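quick one, what's the 3D model for this:
(one chain, ligands or ions: 1)
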Amino acid sequence: MFYFSKSKYCLMWQCPKLLWLSKFHPELKPEDQALQVRFDTGNDVGDLAMGIFGDYKEVAALKPDGSQDHGEMIRLTGEYMEKGVDNICEASFSYKGLYCAVDVLRKTSGGYAIYEVKSSTDVKPVYCADIAYQKYVLEHFGINVTGTYLVCIDNSYVRGEELDIHKLFQIIDVSDEVKDEMQNVEPLIKKAEQVYAMKTEPDIDIGGHCFEPYECAFRCHCEEKLPHPNVFDLYRINYDKALELYRQGKADFKTLLHDGSITNPKHLRQMLYAVSDQPDDIDKGNIKSFLSTLTYPLYFLDFETMQLAVPQFPGTKPYQQIPFQYSLHYIEREGGPLLHKEFLAESGKDPRRAIAERLCEDIPKDVCVTAYNKTFECGRINELAETFPDLAEHLLNIKDNIVDLIVPFRSGWYYNRAMGGNFSIKTVLPALFPNDPELDYHALEGIHNGTEAMTIFPQMQFMPPEEQQITRHNLLEYCKLDTLAMVKLWEKLKEVSKQ
Ligand code: SF4
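Numbers count the residues shown, from 1 in each chain. The predicted structure is shown next:
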């Protein structure tokens, strides 16, 4: 029997092939940590949002294997509705194999209203498609749906001493958008039935739908047929332009190099290096003048931050970037030893005052500080300065003295084939130091990138002491490698500028 849910409907809404691959070949999807983080965040936000409606009953039932027992959830929902419960969370319904659980079903005069909770801060068309599917199921189940609403986070909310969930969430009436979406529901469900009956994957080519509303997890599979590298790999190329060239049969670099469609010098160099064995492209003059702007004592700074949907500390907003850690390598004088300082806050406590004070202790005024892609570090320091006016002068002095170490690479003064047109430190480092075990992020224990760091840090407070200790060590090692990487890049720049 055909069995469908609102999450499957949303896959179908994005791309029929995505639905087919999810059902028949989920193994083709790489593991996505960010997805699990989004899922956990969504669950936390959903639990919190239930409280804004006052008293409620939550529908929950599990099978012995731990999966949801939809049959029992539907029965419980009927029971609560019969009893006249005003707010039912996870209210479950099924109509001819079309299942849905409504985040909050609210009794109104003459029927019920649907409230869909999202951890996002704005209305996205896919949310309205999701609600339209729910409305379709409920109406066919015989319920009069009197309203459709999106409950999402208000990012203008600034937390006080206590969290005010009535201010954290905003309720948006999406009746008009849902009304427009209703016409798509039945045709999409019928098409989904056909997709499920297909023995081979639907013949759908890549396009803008691979990124909207979400970046598709099956991109690697669908892009397998493309040459590698290809037009989509060109540094910051406009996606529509790349798609147009691809559709004209100009995806591979050899064709593009001779065709004249690409005129951007950085793109031309990227393609030339990809198709031929070229020596490193080094502009000694520009590298030398960049290096002459760096003076001793010289500091190398990198932050780690967290972004919480629900603000944990007074004075913070939803999704605010909050720095909780930094690593700082430094050299006091030319030829002097490489020294290191670091800071890692205590999980569960507001780290901002402590990190701001330690920055001022660790970095004197008027010294040269480097950061890689400095906009990020400068933004965080600016925010700390705004929050702590007594430290603002020192913090802003640090910020004003930051030099961006990405400049020689992004400006094209140092390029090699392995960079592949990407200038993030995680690409440039192995491009200049291939096979160096000291600089291998994969060799680190537990934490290998910023996403892992920002995910694990807020969870540390709930870990047993021994696990906390290991996690602290892993966080420190990860951030330390970031600034060591910057030191190595700086040394490499010095070396090549002298050759
Ligand atoms: S990568 Fe694009 S074409 Fe392939 S399944 Fe995903 S959305 Fe569909």
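
going by C-alpha atoms from here, please, whenever you check contacts or count neighbours.
Fine.

what residues does this structure put near the ligand?
Within the chain, the positions near the ligand by Cα under 6 Å from any ligand atom are 15, 17-18, 204-206, 209-210, 216, 218-219, 222.

of those residues, grab the buried ones for PyMOL.
Buried residues among these (16 or more other Cα atoms under 10 Å), as a PyMOL selection:
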select buried, resi 15+17+18+210+216+218+219+222
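
cross the residues of the chain next to the ligand against strands and list the overlap.
Within the residues of the chain next to the ligand, no residue falls in strands by DSSP state E.

of the residues of the chain next to the ligand, which belong to helices?
17-18, 219, 222 (DSSP state H).

now flag whichever of the residues of the chain next to the ligand is closest to R380.
Nearest to R380, judged by Cα to Cα, of the residues of the chain next to the ligand is C216 at 30.8 Å.

M271 against D252, yeah?
No: using Cα atoms under 8 Å, M271 is not in contact with D252, being 9.1 Å away.

more neighbours, the two?
M271 (25 against 19; other Cα atoms under 10 Å).

any idea which helix or strand comes after the helix or strand containing that one?
Using DSSP states H and E, M271 sits within helix 265-275. Once helix 265-275 ends, the next helix or strand along the chain (criterion: DSSP H and E) is strand 281-282.

who does that following strand touch, helix- and strand-wise?
Applying 3 or more Cα pairs under 8 Å, 6 or more residues apart in numbering; DSSP states H and E, one finds that strand 281-282 contacts strand 414-415.

mind telling me which residue of the stretch 51-200 of the chain is nearest the ligand?
Nearest residue of the stretch 51-200 of the chain to the ligand (Cα to the nearest ligand atom) works out as V195 at 12.4 Å.

quick one: that residue from P26, how far?
Remark: distance between V195 and P26 (Cα to Cα, to the nearest Å) = 15 Å.

of the two, which one has the most company?
Using other Cα under 10 Å as the criterion, V195 and P26 rank with V195 on top: 18 against 14.

I figured the more buried one hits D203, correct?
No: using Cα under 8 Å, V195 is not in contact with D203, being 10.8 Å away.

lowest average confidence, helix or strand, in the protein?
helix 33-49 (a mean of 71; mean pLDDT, DSSP states H and E).

need the next SSE after it, C-terminal direction.
By DSSP H and E, the next helix or strand past helix 33-49 is strand 57-58.

and that following strand, average pLDDT?
The predicted model gives strand 57-58 an average pLDDT of 95.

what does stretch 213-222 give?
95.

could we number from 687 for the rest of this?
Right, with 687 as the first residue, what we last looked at is stretch 899-908.

mind listing what's buried along stretch 922-933?
Here stretch 922-933 shows 928-929, 931-932 as buried, counting by 16+ other Cα under 10 Å.

report pLDDT for F1095.
96.

C-alpha coordinates for stretch 1091-1110, CSV please?
Taking C-alpha atoms only, stretch 1091-1110 is exported to CSV below (Å, rounded to 0.1, in the frame of the first residue of the first chain):
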residue,chain,number,x,y,z
LEU,A,1091,46.3,36.3,5.7
ILE,A,1092,44.0,35.2,3.0
VAL,A,1093,44.9,38.2,0.8
PRO,A,1094,48.0,36.8,-1.0
PHE,A,1095,46.0,33.7,-2.0
ARG,A,1096,42.6,35.3,-2.8
SER,A,1097,44.4,38.0,-4.8
GLY,A,1098,46.1,35.4,-6.9
TRP,A,1099,49.7,36.1,-5.8
TYR,A,1100,50.2,32.5,-4.9
TYR,A,1101,48.4,29.8,-6.7
ASN,A,1102,48.9,26.2,-7.4
ARG,A,1103,46.8,23.4,-9.0
ALA,A,1104,45.8,21.8,-5.7
MET,A,1105,43.9,24.9,-4.6
GLY,A,1106,41.4,24.3,-7.3
GLY,A,1107,40.2,27.8,-7.1
ASN,A,1108,39.3,27.6,-3.4
PHE,A,1109,41.1,29.8,-0.9
SER,A,1110,39.8,28.5,2.4
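
list the contacts of it.
Here stretch 1091-1110 makes contact (Cα atoms under 8 Å, 6 or more residues apart in numbering) with 919-921, 952-953, 956, 959-960, 964-970, 972-973, 976, 1056-1060, 1111, 1113-1114, 1117, 1172, 1176.

hmm, which of those residues are the buried ones?
919-920, 952-953, 956, 959-960, 968, 970, 972-973, 976, 1056-1060, 1111, 1114, 1117, 1172, 1176.

strands - which of those residues land there?
Using DSSP E, the buried ones among the contacts of stretch 1091-1110 in strands are 968, 1056-1057.
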